[in-house]
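Novice: got a structure for you, letters missing:
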């Protein structure tokens with residue numbers, strides 16, 4: 001039996017042997033622009049996932065790329081958010097370090113977009129991913145992960161420390177990024193405290 005999940009950009013149909021992700025038409029956009037954007041974003045997502053795999057990051061295998069859809073492998077795993085511990089957070093840090101070393105920003109780096117299957121963690125949903133080597137983009141990526149941990153887990157400080165340890169082990173510029181994460185957090189705090 002197929003399961004359908006809807007996001008802001010796409011509908012995901014999960015079947016027994018494949019996942020079909022289809023970018024939805026946006027009626028508020030001019031038809032030609034909408035079709036061009038959906039086509040470009042579908043191709044970009046497929047390319048980034050392929051490049052991530054070359055960097056040693058487990059992602060679903062892409063079986064087919066259509067105009068507005070991707071057909072991918074089903075990963076029968078559990079979301080990291082449901083089974084996270086220090087070791088898994090460290091592994092997530094290693095993967096994100098590899099991703100950032102390759103110039104890829106995930107764009108939605110939550111524990112819901114990481115699936116644990118056996119001893120591997122798979123990164124999924126590259127719909128908001130892009131190429132960028134800027135410190136700020138990398139910092140925002142890690143900040144999103146940290147915010148997910150803080151909002152969902154009591155032991156968040158240990159989980160964040162474990163992530164940072166893994167991140168440092170696979171990315172030479174990790175300390176600069178982690179410092180930027182602190183700046184981003186401070187800016188967010190300052191913004192909410194200002195009338």
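Specialist: Yep, that arrived. Since the structure is predicted, the reported quantities are computational estimates derived from the model, not experimental observations.
Novice: Compute the distance from the centre of stretch 158-178 to the centre of its chain.
Specialist: On the basis of Cα atoms, centre = their mean, to the nearest Å, stretch 158-178 is displaced by 16 Å from the centre of the chain it belongs to.
Novice: Identify all contacting residues around that stretch.
Specialist: Stretch 158-178 is contacted from outside by 84-87, 89-98, 100-101, 135, 138-139, 142, 145-146, 149-150, 153, using Cβ atoms under 8 Å, 6 or more residues apart in numbering. C-betas here are computed from N, CA, C, even on glycine.
Novice: for stretch 52-72, same thing?
Specialist: Applying Cβ under 8 Å, 6+ apart, the external contacts of stretch 52-72 come out as 18-23, 35, 38-39, 42-43, 45-46, 49-50, 73-75, 95, 98-99, 101-102, 104, 120-124, 126.
Novice: swap the cut-off to 7 Å and go again
Specialist: Stretch 52-72 is contacted from outside by 18-23, 38-39, 42-43, 45-46, 49-50, 73, 75, 95, 98-99, 102, 104, 120-124, using Cβ atoms under 7 Å, 6 or more residues apart in numbering.
Novice: which of the residues in that stretch are buried?
Specialist: Using 16 or more other Cβ atoms under 10 Å as the test for burial, stretch 52-72 gives 52, 55, 57-60, 62, 65, 68-72.
Novice: next one: stretch 121-135
Specialist: By 16+ other Cβ under 10 Å, the buried positions in stretch 121-135 come out as 121-129, 132.
Novice: again, but for stretch 104-111
Specialist: 104-111.
Novice: before we move on, what about stretch 150-170?
Specialist: Within stretch 150-170, the residues that count as buried by 16+ other Cβ under 10 Å are 153, 156, 159-160, 162-164, 166-168, 170.
Novice: now, among these, which is nearest to residue 186?
Specialist: Using Cβ to Cβ, residue 160 is the member of those that sits closest to residue 186, with 15.6 Å.
Novice: A helix includes residue 76, no?
Specialist: No: Residue 76 is assigned coil when assessed by DSSP: H, G, I helix; E, B strand; the rest coil, not a helix.
Novice: With adjacent residues omitted, what lies nearest to it?
Specialist: Leaving out its chain neighbours, the residue that sits closest to residue 76 by Cβ to Cβ, 6 or more residues apart in numbering is residue 117, at 6.5 Å.
Novice: Alright, I will stop here.
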